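> Prediction below, plus the sequence it came from.
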Amino acid sequence: MFAYIVRRVLATIPVMAIVALFVFSLLYIAPGDPAAVIAGDQATPDDVERIRASLGLDRPYLVRFGAWVWDIARGDLGVSIFTNLPVSTMIQQRIEPTLSLMIVTLILAITVAVPMGVVAAWRQGTTIDRAVMAFAVLGFSVPVFVVGYMLAYIFALELDWLPVQGYTPFSRGFWPWLQNLILPAIALGSVYIALIARITRATMLEVLQQDYIRTAKAKGLGQRAILFVHALKNAAVPIITIIGIGLAGLIGGAVVTESVFAIPGLGRLTVDAILRRDYPVIQGVVLLFSFVYVLVNLAIDLAYTLFDPRIRY
Amino acid sequence: MMQTTRRGVLGAAGAALVAPRLASAQAASTLRFVPQANLSNIDPVWSTAVVVRNHGLMIYDTLYGLGADFQPKPQMAAGHEISDEGRRWTITLRPGLRFHDGTPVLARDCVASIARWAKRDVLGQRLDGLLEGMRAIDDTRFEIRMKKAWPGLAFALGKPSANICAIMPERVAQTDPFQQIQDFTGSGPFRFLRDEFRSGDRIVYAKFDGYTSRDEPTDFMAGGKPVHFNRVEWHVMPDPSTAAAALQNNEVDWWETPLSDLLPLLRRNRDIAVEMVSAAGNLGVLRFNFLHPPFDNPAVRRAILPALDQRAFMDAAIGTDPEMSHVPAGAFTPGMPLANEAGLEVLSGPRDLAAAQRALRDSGYAGQRVAMLSGTDIPILQNLSVVAADLLRRIGFNVDLQSMDWGTHIQRRTNRGPVDQGGWSAFCTTWEGFDVSVPGSHQPIRGHGSAAWAGWPTIPRLEELREAWFEAPDLAAERRIAEEMQRVVWQEVPFIPLGQVRPRMAFRRSLTGVVKGGPALFWGVRRA
């Protein structure tokens, strides 16, 4: 197992190298010029050229790529063209809100969606099942920003229970931290609750038809034990897979949620950087996201072994 | 092992009782503001972005400031003497000026600050071209010697439009003007708290206790700058609906640029005031590329004038509320001293599409493709572009409306090639009203060819008139020049004004003393 983990971690290096090359090249050929953005509306061409030179953007592709790779190899993600802050500092400032949002969303999604899917499968064809499926369709269909605005209107503006926007660091207390995350997590989680609930239901339905479930019933086991000990454990692999994919997808969903609820996370940092052509920030964040995707995939693979003893690495 | 004592419990209970009051007092002395955009960089000489200028006004003071009448008045300067037939200015600093690190503001700091600013700002470059020498005479006086008289020097040093002539310590001002500064020691009424700065989220300022305000009433950018908040926080909110909700929920006090669609909602809230704060607003502009067909032909450009309806542009840009915009608008910002009506009937008279179509046919237009650039991530500009494209099509142009994000748009504009080589023909934008209120900083009206703003018109007469404006002895002379320039604009059409956008600001009614006239200013304002 340990050797497998080491192999997988080492395998991230060529993946990251390909991502780095791809991202750098894409930005190089993409339209847009940070020097022109910095120079602004009033700038003369000479001003733009001088700014471009001062940023080193007039150097050839290979020179720039080489310098960037050399910096990355030394653990230096570079400096933002606009804020002049180190990219690592900017990521550090933004990672806590995004991580917090993802964790709360994931906990919410799993604790709500898995029991929903199990109950829907258990009560297949009943009103409960139809209600769960209707909720799932709604969760898929209503965009995150619409859910977000509705939640903010009801729970912040009308009821005044929760704040509309912002983020409070965990260091300032659990409740202040959580109250800023409840509405965004529900908004962002609605899609994942729907997704996980549907997959759980479908997988459970399949498992509940298996012979060993019939045997368990014949042995006189209670309904709860059959559902949660025997059936759910055997349905876990596809559910874990979808949770893992969902976790990766949360990063994308966080961009919209962070904008709607003014949460200063990595999603907004990325969008701002793309719009301004802040190349070092885009490159740094994309590298980080790629690394997270790779780690999530590794975690999923390892999680399989917990639920299915036949899987060994 | 930690012991629980009676004293400890009483102390904790007391702290718990006092804590909410302390938090409440802190909240009362904090002003929470939603700026128009993210503060992506923090050097007001390096960047021309309006939000960076606004940041500059927080932490830096200027030698002069415009009053509510838009005339310059001494601010850090105590006054000046003009000698040598107007070519030599000796400026004296008022006493008690300090930088945020506690050191006194000296004449040499001002000399270095002016020198850096003069390399970047459009009026500064004028000074740079005229400059014979600049030196500190002693700690409180410095002189500027020019090759010829420039009566508008005080205006240039005190103008509120980007780039402001921010006074920085000499060590900071010696930074290359094309590099960002790293030291944010300012001279203004607020200190920038860099440790709390998170671009895209939060910009925080603290009251600078060492600031010596002028002992005069506040007069826009001039006069006293009394500060009544210990802390000002800028909360960056990219989503307008979120900002509106936060303002309604009392999570922020002041929103700089509420979306016009949301104004009725905000007006219905009796705790929120919606007011016009900036008298200058923004001037919409349709710009042409003079280097390639079809807009290299003045007759083609003029053909658009009879059909152009500024009201249609303004309705699309900012909504149908007539208070939100002003038409007709000439070449200079309406409501400012140089706004005039010379020849304005070309835009204010009855609109005549047939006349425009006839004029286009007679102009020799041969159906060349018009590449119209549109920035999709700035709604006002996109709306202006869509209306412009529709107008040009109805007149008879072969329009190719090209949508792109602002970053690409601003780069495409630097391409001087023809349309089939990635060039462009026309685009719409807005200029801050202060910029286009006088010929000196009015980029669209310039006609100095390859060095001009994107579009690169060569119109020598406009350059002659601009030069004359710099030397105009008084406002009456300036107005005569502005009228003449406006007439030339209708003939040569370097751009077409599309109307004046007059955006509103929204703030909690608990705020009083909001300074009117220009950008959001944080002196004078207090919580009732």
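Right, received. Where do you want to start?
> Pull up the residues of the stretch 351-500 of chain B that are close to chain A.
B:377, B:404-408, B:410-414, B:429, B:431, B:435, B:443, B:450-453 (CB under 8 Å from any CB of the partner chain). Glycine gets a C-beta too; all of them are placed from N, C-alpha and C.
> Now list the buried members of those.
B:404-408, B:410-414, B:429, B:431, B:435, B:443, B:452-453 (16 or more other CB atoms under 10 Å in any protein chain shown).
> Need the max-distance pair from the residues you listed.
Distance extremes for those: the farthest pair is B:D405 and B:A452 at 25.0 Å, using CB to CB.
> The buried ones among the residues of the stretch 351-500 of chain B next to chain A in strands, which ones?
Applying DSSP state E to those, the entries found in strands are B:404, B:429, B:431.
> Which strand residues bridge the first one?
Beta-bridge partners recorded for B:M404 (DSSP bridges): B:G375.
> my read: it touches B:R412, true?
Yes - in this structure, B:M404 is within contact of B:R412 by CB atoms under 8 Å, at 7.0 Å.
> joint contacts of those two?
Shared contacts of B:M404 and B:R412 (CB atoms under 8 Å, 6 or more residues apart in numbering or on different chains): A:31, B:373.
> Next to chain B, which bits of the stretch 151-300 of chain A? Give me the list.
Counting by CB under 8 Å from any CB, the stretch 151-300 of chain A sits next to chain B at A:152-153, A:156-157, A:160, A:163-166, A:259-262, A:264, A:268-269, A:271-272, A:275-278.
> Over to the closest residue to A:R8 other than its chain neighbours. Which of the three states is it?
Spatial nearest neighbour of A:R8, excluding adjacent residues (CB to CB, 6 or more residues apart in numbering or on different chains): A:L298 at 5.0 Å. Put simply, A:L298 is helix when judged by DSSP: H, G, I helix; E, B strand; the rest coil.
> if I look at A:V63, how far off is A:L57?
11 Å (CB to CB, to the nearest Å).
> Not counting its neighbours along the chain, what's nearest B:W523?
With sequence-adjacent residues excluded and distances taken as CB to CB, 6+ apart, B:W523 is closest to B:K225, at 3.8 Å.
> can you pull the contacts of the nearest residue to B:F290 once chain neighbours are set aside?
Nearest non-adjacent residue to B:F290, counting by CB to CB, 6+ apart: B:P457, 4.4 Å away. By CB under 8 Å, 6+ apart, the contact list for B:P457 reads B:288, B:290, B:446-447, B:449, B:492, B:494.
> repeat that for 10 Å
The neighbours of B:P457, taking CB atoms under 10 Å, 6 or more residues apart in numbering or on different chains as the test, are B:287-291, B:295-296, B:298, B:301, B:444-449, B:492-495.
> Same question for B:A356.
B:A356 makes contacts with B:302-308, B:391-392, B:394-396, as judged by CB under 10 Å, 6+ apart.
> So it versus A:P60, what's the distance?
Taking CB to CB, one finds B:A356 at 49 Å from A:P60.
> Would you map the helices across chain A?
A:2-29, A:34-39, A:45-55, A:61-73, A:87-122, A:127-141, A:144-151, A:174-179, A:182-208, A:211-218, A:223-225, A:232-260, A:266-276, A:279-307 (DSSP state H).
> tell me the most buried of those?
helix A:34-39 (a mean of 25; mean count of other CB atoms under 10 Å in any protein chain shown).
> so does it get close to chain B?
Yes - for helix A:34-39, a contact with chain B is found by CB under 10 Å from any CB of the partner chain, at A:34-39.
> which one of these sits closest to A:F291?
A:P34 (24.6 Å).
> Name the nearest residue to the closest one, ignoring sequence neighbours.
Per CB to CB, 6+ apart, closest to A:P34 is A:R277, 4.2 Å.
> wait, the one you found sits on A:I81?
Yes - using CB atoms under 10 Å, A:R277 is in contact with A:I81, at 7.8 Å.
> Those two: which is more packed in?
Shown here are A:R277 and A:I81; by other CB atoms under 10 Å in any protein chain shown, A:R277 has more neighbours (27 against 24).
> okay, how far is it across stretch B:330-346, tip to tip?
10 Å (CA to CA, to the nearest Å).
> close to chain A, is it?
No - Stretch B:330-346 stays clear of chain A (CB under 10 Å from any CB), getting no nearer than 15.5 Å.
> In that stretch, which residues are buried?
Within stretch B:330-346, the residues scored as buried using 16+ other CB under 10 Å are B:330-340, B:342-344, B:346.
> Next: stretch B:62-80.
Here stretch B:62-80 shows B:62-68, B:70, B:72-77, B:80 as buried, counting by 16+ other CB under 10 Å.
> Low-confidence regions, chain A specifically.
Along chain A, segments meeting pLDDT under 70 span A:41-43, A:313.
> domain parsing for it?
Listed domain ranges for chain A are A:2-73, A:88-307 (source: automatic domain parsing).
> For B:K119, find the nearest of those.
That would be domain A:2-73 among the domains of chain A, by CB to CB, at 9.7 Å.
> Quick check, pLDDT for the residue nearest to B:D121 when sequence neighbours are not counted.
Excluding the flanking residues, the one nearest B:D121 by CB to CB, 6+ apart is B:N163, at 4.0 Å. pLDDT for B:N163: 90.
> just checking, A:I18 touches A:L287?
No - assessed by CB under 10 Å, A:I18 is found out of contact with A:L287, at 11.3 Å.
> So for A:R277 and A:I81, which residues contact both of them?
Common contact partners of A:R277 and A:I81 (CB under 10 Å, 6+ apart): A:34-35, A:37-38, A:57.
> can I get those residues in TSV with distance to B:L127?
Listed next are the shared contacts of A:R277 and A:I81 as TSV, based on distance: CB to CB, whole Å:
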residue	distance to B:L127
A:P34	28
A:A35	25
A:V37	27
A:I38	23
A:L57	29
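> so which of those residues comes closest to B:D183?
The closest of the shared contacts of A:R277 and A:I81, once distances to B:D183 are taken by CB to CB, is A:I38, at 19.5 Å.
> what sits against the closest one?
By CB under 10 Å, 6+ apart, the neighbours of A:I38 are A:47-48, A:51-52, A:54-55, A:81-82, A:276-278, B:40-41, B:46-49, B:178, B:180, B:410.
> Relative to chain B, how far out is the closest residue to A:Y192 other than its chain neighbours?
Among residues not flanking A:Y192 along the chain, A:A109 sits closest, at 4.1 Å (CB to CB, 6+ apart). Relative to chain B, A:A109 is positioned 23 Å away (CB to the nearest CB, to the nearest Å).
> From what I see, A:A109 and A:I199 are in contact.
No - counting by CB under 10 Å, A:I199 is not a contact partner of A:A109; they are 11.6 Å apart.
> joint contacts of these two?
By CB under 10 Å, 6+ apart, the residues touching both A:A109 and A:I199 are A:243, A:246.
> quick one, helices of the stretch 101-250 of chain B?
B:107-120, B:122-130, B:153-158, B:170-173, B:240-248 (DSSP state H, counting those that start in this stretch).
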